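# Sharing a model that was predicted from the sequence below.
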Number of protein chains: 2
Amino acid sequence: MNNSLITLGHGSGGILSHKLISDLILPIIAKGNAEQNDAALLEFHSKKLAFTTDGYVVDPPFFPGGSIGSMAVHGTVNDLAMMGARPCWLSCALIMEEGLETQLLEKVLADMRTAADEASVQIVTGDTKVVPRGKADRIFITTSGIGVVEHNFNIHGGAARPGDSIILSGSIGDHGMAVMAAREGLPLDGVKSDSAPLWSLVAEMLDEAGEALHILRDPTRGGVATTLKELALQSGVLFTIDESALIIKPQVRGFCDLLGFDPLYVANEGKLLACVAEEKAEKLLLRMRKHPLGRQASIIGKVEDGEPGRVRMRTTVGGMRLVEMLAGEQLPRIC
Amino acid sequence: MNNSLITLGHGSGGILSHKLISDLILPIIAKGNAEQNDAALLEFHSKKLAFTTDGYVVDPPFFPGGSIGSMAVHGTVNDLAMMGARPCWLSCALIMEEGLETQLLEKVLADMRTAADEASVQIVTGDTKVVPRGKADRIFITTSGIGVVEHNFNIHGGAARPGDSIILSGSIGDHGMAVMAAREGLPLDGVKSDSAPLWSLVAEMLDEAGEALHILRDPTRGGVATTLKELALQSGVLFTIDESALIIKPQVRGFCDLLGFDPLYVANEGKLLACVAEEKAEKLLLRMRKHPLGRQASIIGKVEDGEPGRVRMRTTVGGMRLVEMLAGEQLPRIC
């Protein structure tokens, strides 16, 4: 990648992000042998901890249904939950632009605090940097999180097996479209970010399905499409999903049509995808639907023994469409 | 702080940073009851872990003796070491500006990798964000770290006791002046950043002094003066230090004089201050001097039973000067 430049697409969560991480970052930082999951698993006195980090640069900092503060807690808590880990401790590093209103900072921090309380995590350490005006955009937050793995199941992106059912916990595209509407100053009745902490839902799922639960992953940047493609590649299996099983709110769909976005590629912040052994899928679904964040959970497809890494979608009109990772960047600074 | 704005001084590590953290951030995030140490201590199955985070925004990203990459490892490793914790795992979150040269990114990551190897820590998880041109300045890095506390000593900023000796591990002002020289494009013969991982030195100190070691703190942003004032306040004691015991390289002193900086307030990235029971001080010093990072260690002062939170310095001309925290900001983006 000599003499090339970083583009917005490298932060999209799509194919350019994957290339950057796989071809440049990991070979240097991890000598290439790193599993690409939402968090790292650490062994400590024969106990397992999960450790993760995420930077938040969402623009604007406040949007219907959340803010950079609540997202900075939810996103990191969810990365831990996707490893089947109970989120416990968070760190918070602020990079602020000179001239930021302290009132904005106070609101962001209050949102972090509320979100942390709701998710039963403690923010235990932090840092504050200020850069001169024009060298950052208001506020960036990086949170890291530590979670405790209290089971012996082996949940990771490479664990899907042919026969597994693919479950999605609810509607798609809400977060991305809510941020987009706020950014453009458009009224978008009834659309708000789905940003939410998923651990309590995951705890129910672990309890119900146990080791039959093979994968958990939240479809954030790059959307459901990119996440499915990642997982199919990591597991070396074929995914087939049904377009008719996807729930897209009419307002979200309308806004996507208007702006030319495909909701399959729009970020979510309070949804999860799961791969679970077929015999446990129906019971798991019933259990998920009792939880406020899983009420619209449904089986959207199946893991099959076929071309490794391929994702195909049976469309509502009856055809088959190949699903690829997000190319380029459709919505910069969505998280 | 209604209707006020964040200034560069709020990121200085000096008095404005302290006010921001104590009066605004901690009351919201931690309901005010947080100890202000370099890392948080976590209890996990009756073992102790240390957890810390720091954002790095240094300008320019490369300077004599280091880079934003090596600093992002050293700084976080040192925050763990200052709690007496052995640094084990790091996370790395990158926020990059669109248009960043990938060659620069590669060099920064290579420096992180080298620094991590030297400090025997693993970078186990990360994140990558890209913001549009003009919304950040090239590259910001936030690292978080987890360390393991393998002893039962109670080392923290509030632990200084009257009678303790105050030890400083070497010369001061090198990092700040090296960055400043690089930023201004000035040649500064022989001055380079002292950025270094301090754990191996701390391990020797713990072994030598054990529970007689009361405080460890690295005098980064705000310099030795601000750090001493912080510690005197946290411990509720009087510190008296000798100006003649401070080691300032002639080139650093000359450059400070030229620019009007007081080296007592200039950042260091590979030095530590320690408070240790007097009877152990000399032996500890001898042990420190055998370590490459402690060769110039010396006793710079004494903890006394006097006005709580006061720091005074016996000057080379024989007077007494009060030492306060850094006011405002003398060197923005030094770390």
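Yep, it's here. These numbers come from a predicted model, not from an experiment.
# Quick one: the helices in the stretch 201-335 of chain A, in order.
Counting by DSSP state H, counting those that start in this stretch, the stretch 201-335 of chain A has helices at residues A:223-235, A:250-259, A:278-289.
# Just send those back as TSV, with mean pLDDT and mean neighbour count too.
(Each C-beta comes from the backbone N, C-alpha and C, glycine too.) Formatted as TSV, the entries for those read as follows, by pLDDT from 0 to 100; neighbours: other C-beta atoms under 10 Å in any protein chain shown:
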stretch	mean pLDDT	mean neighbour count
helix A:223-235	97	24
helix A:250-259	92	16
helix A:278-289	98	17
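# and chain B, which of the ones you listed is closest to it?
Among the helices of the stretch 201-335 of chain A, the nearest to chain B by C-beta to the nearest C-beta is helix A:223-235 (14.3 Å).
# Centre of the chain to that closest one, how far?
The chain centre lies 12 Å from the centre of helix A:223-235; the measure is C-alpha atoms, centre = their mean, to the nearest Å.
# can you tell if that helix touches chain B?
No - residues of helix A:223-235 are not located near chain B by C-beta under 8 Å from any C-beta of the partner chain, the shortest gap being 14.3 Å.
# helices and strands around that helix, which ones?
Under the contact criterion of 3 or more C-beta pairs under 8 Å, 6 or more residues apart in numbering or on different chains; DSSP states H and E, helix A:223-235 touches strand A:213-217, strand A:238-242, strand A:273-276, strand A:311-314.
# So for residue B:196, which of those strands sits nearest?
strand A:213-217 (39.2 Å; C-beta to C-beta).
# which stretches of the stretch 51-200 of chain A form strands?
Listed in chain order, the strands of the stretch 51-200 of chain A (DSSP state E, counting those that start in this stretch) span residues A:62-63, A:66-67, A:85-97, A:122-131, A:139-149, A:165-168.
# The fifth one - contacts with which helices or strands?
Helices and strands in packing contact with strand A:139-149 are listed as strand A:47-56, helix A:68-81, strand A:85-97, helix A:102-118, strand B:47-56, strand B:85-97, strand B:139-149; criterion 3+ C-beta pairs under 8 Å, 6+ apart.
# Pairing partners for that strand, with directions?
Neighbouring strands of strand A:139-149 in its sheet, by DSSP bridges, are strand A:47-56 (antiparallel), strand A:85-97 (antiparallel).
# Tell me the gap between stretch A:208-223 and the middle of its chain.
For stretch A:208-223, the distance to the chain centre is 10 Å (C-alpha atoms, centre = their mean).
# try stretch A:241-256
Computed by C-alpha atoms, centre = their mean, the chain-centroid distance of stretch A:241-256 equals 18 Å.
# quick one: is the helix or strand that contains residue A:27 near chain B?
In this assignment (DSSP states H and E), residue A:27 forms part of helix A:26-29. Yes - part of helix A:26-29 sits near chain B under the criterion C-beta under 8 Å from any C-beta, namely A:28-29.
# ok, residue A:47 touching residue A:148?
Yes - Residue A:47 lies in contact with residue A:148 (C-beta atoms under 8 Å); the separation is 7.4 Å.
# how much space is there between whichever residue of the stretch 101-250 of chain A sits closest to chain B and residue A:56?
Taking C-beta to the nearest C-beta as the measure, the stretch 101-250 of chain A has residue A:130 as its residue closest to chain B, at 2.9 Å. Distance of residue A:130 to residue A:56, given as C-beta to C-beta, to the nearest Å: 17 Å.
# just to revisit the earlier point, which residues touch the helix holding residue A:27?
Contacts to helix A:26-29, defined as C-beta atoms under 8 Å, 6 or more residues apart in numbering or on different chains, come from residues A:32, A:34, B:92, B:106, B:109-110, B:112-113, B:123, B:126.
# After that helix, which helix or strand is next? Please name it.
strand A:40-44.
# what's the neighbour count on residue A:110?
Here the neighbour count serves as a burial measure; for residue A:110 (other C-beta atoms under 10 Å in any protein chain shown) it reads 15.
# How much space separates it from residue A:213?
As defined by C-beta to C-beta, residue A:110 lies at a distance of 35 Å from residue A:213.
# Residues in a beta bridge with residue A:91, which ones?
Per DSSP bridges, residues listed as beta-bridge partners of residue A:91: residue A:125, residue A:144.
# Verify the stated contact: it with residue A:144.
Yes - proximity of residue A:91 to residue A:144 meets the contact threshold set by C-beta under 8 Å, at 4.6 Å.
# what touches both of those two?
B:53, B:144.
# sorry, back to before: pick the most buried one from the strands of the stretch 51-200 of chain A.
Per-residue neighbour counts averaged over each of the strands of the stretch 51-200 of chain A give the maximum for strand A:139-149, namely a mean of 27 (mean count of other C-beta atoms under 10 Å in any protein chain shown).
# Restricting to C-alpha, output it in PDB.
As requested, the backbone C-alpha atoms of strand A:139-149 are provided in PDB (Å, rounded to 0.1, in the frame of the first residue of the first chain):
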ATOM      1  CA  ILE A 139     -15.600  15.500  20.500                       C
ATOM      2  CA  PHE A 140     -14.300  12.000  19.900                       C
ATOM      3  CA  ILE A 141     -14.600   9.300  22.500                       C
ATOM      4  CA  THR A 142     -12.800   6.100  22.800                       C
ATOM      5  CA  THR A 143     -14.100   3.500  25.200                       C
ATOM      6  CA  SER A 144     -12.400   0.200  26.100                       C
ATOM      7  CA  GLY A 145     -14.200  -2.500  28.000                       C
ATOM      8  CA  ILE A 146     -13.400  -5.600  30.000                       C
ATOM      9  CA  GLY A 147     -16.000  -8.300  30.400                       C
ATOM     10  CA  VAL A 148     -16.100 -11.600  32.200                       C
ATOM     11  CA  VAL A 149     -16.700 -14.900  30.400                       C
END
